[in-house]
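K.L.:
Sequence below, structure please.
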Amino acid sequence: MSESHRQATIRVLHALPWIASGGVERRRLLLARSLGPRFDQKIYSLSARGPVPEEMRAAGMPVETAGTGTLKSVAAVRKLIATTRAFKPHIIHGAVFEGVQMAVLAGLVCRVPVIISEETSYSVTRGSKGQLLFRGLTMASDACVAISPAVGEYLVEGSGVAPAKVRVIQNAVDPPRSATKREAAALRRSLGIPPDAFVVGTVARLIDDSNKRTSDLIRGAAIAMRQSNAHLLIVGDGSAQPALEALAESLGVADRTHFAGYQRDVGLYYKAMDLFALVSREEGFGLVVIEAMHSGVPTLTTRGGGLRDIALADVTGAFVEVGDPDGIAAEIQRFAADPALVVTMGRAAKRRARQDFAPETYVDGVRNLYDELLAAKGVR
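P.N.:
Next comes the predicted model:
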């Protein structure tokens, strides 16, 4: 690649169906902050809420929205096309199913040189028509990014995507703030958690419990509480919270189950945990697991989807089967009874997060993909 090409400004339009506070949006924020001045980036979304859009703008990534949450809106599609034509991107990069649809539609209509689709979930529940449509969208794309090796395998084996189209770029996340022990102790006091309690924590949207299975974690923790001084700390909110609170009440552990709601300063909450748990049926990746590892907390997860690619069994944490409260309880009791194990695995988890899931590794992967595809198209 010539030096003149390396120095040329490359315009990238990111297409997302929505911007809230999820992992996809946070990775785009990471790209806004770290991809470099050679890339002029903009984002188009059907809808946006919360502080992330302003953080994107502050990082130099303009955000344009349609003001609707559906692609069925003719006005939203027209604005997408108009935005693409006005920006004249060299690359259009869509993520999430609807975002991929947006990228392919606008990319083809506006003749964008490079079209990239991105699979952000382990989509085993997607119907046959959805799989067929997604495969068609990847056929119109120059590459399809998979956010974990497990997702890459599923794209080929489950969705029928051509292997040559798949590029695995593992997710990453900026390490959360490193809170002090004093801050963590103060947080525990404010939540009514005794200083000598063994705190199992999770960070999750409390919406789809059929996948996140926070109810399994509550049941497992309730069993462990009979034999240990365990407390459960749940960070996040959503429509399933009342039902989860009722479950804790019915199991007689409401006083040891602490719902903290959505928190921006998650680093403080990780510091208050002795063990982090995410027992989902499947995840495309599991960014919160990496955050916990960055914070030096051992992890307890299932092997659902991309979760199996993160932890190292009996090195950085432990695995349990999906839907196994007894197994969850046994692992909580094992860690609670062995403080040295918590420290050893926590340190190993932090090393692995820094070595294998560093933000700069993710950004380099995206930058290299962009350069590869531009060179293949002869874009100068």
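K.L.:
Going along the chain, name the helices of the stretch 151-300 of the chain.
P.N.:
181-191, 209-212, 214-225, 241-250, 266-271, 287-294 (DSSP state H, counting those that start in this stretch).
K.L.:
Please apply the same query to the stretch 1-150 of the chain.
P.N.:
3-7, 23-34, 52-58, 74-87, 97-109, 128-139, 149-157.
K.L.:
which one of the helices of the stretch 151-300 of the chain has the most crowded surroundings?
P.N.:
Looking across the helices of the stretch 151-300 of the chain with neighbours counted as mean count of other Cβ atoms under 10 Å, the highest average goes to helix 287-294: a mean of 26. C-beta here means a position set from N, CA and C on the backbone, and glycine is covered the same way.
K.L.:
Kindly format the C-alpha coordinates of that helix as CSV.
P.N.:
What follows is helix 287-294, C-alpha atoms only, in CSV (Å, rounded to 0.1, in the frame of the first residue of the first chain):
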residue,chain,number,x,y,z
LEU,A,287,-18.2,-7.7,27.5
VAL,A,288,-19.1,-7.5,31.2
VAL,A,289,-17.1,-10.6,31.8
ILE,A,290,-14.0,-8.9,30.4
GLU,A,291,-14.8,-5.8,32.5
ALA,A,292,-14.8,-8.0,35.6
MET,A,293,-11.6,-9.7,34.6
HIS,A,294,-9.9,-6.3,34.0
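K.L.:
still on that earlier bit, between the helices of the stretch 151-300 of the chain, which one is closest to residue 353.
P.N.:
helix 287-294 (3.9 Å; Cβ to Cβ).
K.L.:
Relative to the whole chain's centre, how far out is stretch 299-309?
P.N.:
Centre-to-centre, stretch 299-309 and its host chain are 13 Å apart (Cα atoms, centre = their mean, to the nearest Å).
K.L.:
closest to residue 376 out of the helices of the stretch 1-150 of the chain?
P.N.:
helix 3-7 (12.5 Å).
K.L.:
Tabulate the helices of the stretch 1-150 of the chain (TSV), appending distance to residue 258.
P.N.:
Shown next, in TSV, are the helices of the stretch 1-150 of the chain (distance: least, Cβ to Cβ, whole Å):
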stretch	distance to residue 258
helix 3-7	52
helix 23-34	24
helix 52-58	26
helix 74-87	41
helix 97-109	35
helix 128-139	38
helix 149-157	32
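K.L.:
For residue 89, which of the helices of the stretch 151-300 of the chain is the nearest?
P.N.:
Using Cβ to Cβ, the helices of the stretch 151-300 of the chain put helix 287-294 closest to residue 89, at 26.4 Å.
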